[in-house]
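Engineer: Generate coordinates for the sequence data below:
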Amino acid sequence: SPCKCEITIVSMLLASNCRRLSPICDVAPRDGLQVLLRARVGLYEARGDFQLVVDHLEEAGEGELRRRFEALKQKLAAEGLFDASRKRALPRFPRRIGIVTSASGAALRDVLNVLRRRSRGVSLLLYPVPVQGAGAAREIAAMLALADRRQEVDLLLLVRGGGSLEDLWAFNDEALARAIAALQLPLVTGTG
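Structural biologist: Model (predicted):
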């Protein structure tokens, strides 16, 4: 099982072995970098040398999240969730647009500014949800389902401003992807 430990990479080792690591690592190793690695332990008893023979190396945190995201994307694509035939046609002139986002976020202000300039006659309905943190994906999925049941709007916008991969992680949730795929209303997303 994975364990957390601190390993200081000796600079001399980096210079001489970095080229050999390139087939097994997604990132150039450097002192202070937190990584996930798969390695074999070796001990040369004659000198008392302990070594790790690295088979795979990736950056911790964002590297792990990207790997999980890619695996989920492949799984859902294999099930056909991203097929073009599943897309719903957007209404040419929507009369009422539902906005699913944080009530206090910059994304809402941006959407309101654009719609004010381009579509003055459109009515808007806000469906407020948290867009990051624990439980955000579940709350977004529930709000989308509620809006879909109510059928109060012609179109939904799911929006969120920029941020780190960790901040945007709620939008990489399998249950949320499935909730979006189940919608009858057309949905436009804008995240990050």
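Engineer: most remote residue from this structure's center?
Structural biologist: In the chain, residue 46 marks the outermost C-alpha relative to the chain mean, sitting 48.6 Å out by CA atoms, centre = their mean.
Engineer: Please report how far that residue lies from residue 52.
Structural biologist: Distance of residue 46 to residue 52, computed by CB to CB, to the nearest Å: 18 Å. Quick note: C-beta positions are derived from backbone N, CA and C, even for glycine.
Engineer: Which other helices and strands does the top helix by length along the chain contact?
Structural biologist: Taking DSSP state H as the criterion, the chain has its longest helix at helix 62-78. With contacts taken as 3 or more CB pairs under 8 Å, 6 or more residues apart in numbering; DSSP states H and E, helix 62-78 sits against strand 35-44, helix 174-181.
Engineer: Tell me where the chain has helices.
Structural biologist: 11-21, 62-78, 106-118, 136-150, 174-181.
Engineer: between those helices, which gets nearest to residue 42?
Structural biologist: Proximity to residue 42, assessed across the helices of the chain by CB to CB, is greatest for helix 11-21 (14.3 Å).
Engineer: ok, now which ones touch the nearest residue to residue 154 once chain neighbours are set aside?
Structural biologist: Using CB to CB, 6 or more residues apart in numbering and skipping the chain neighbours, the partner closest in space to residue 154 is residue 94 (4.0 Å). For residue 94, the contact set (CB atoms under 8 Å, 6 or more residues apart in numbering) comprises 122, 153, 154, 155.
Engineer: Of the residues you listed, grab the buried ones for ChimeraX.
Structural biologist: Entered in ChimeraX, the line below selects the buried ones among the contacts of residue 94, by 16 or more other CB atoms under 10 Å:
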select :153,154,155
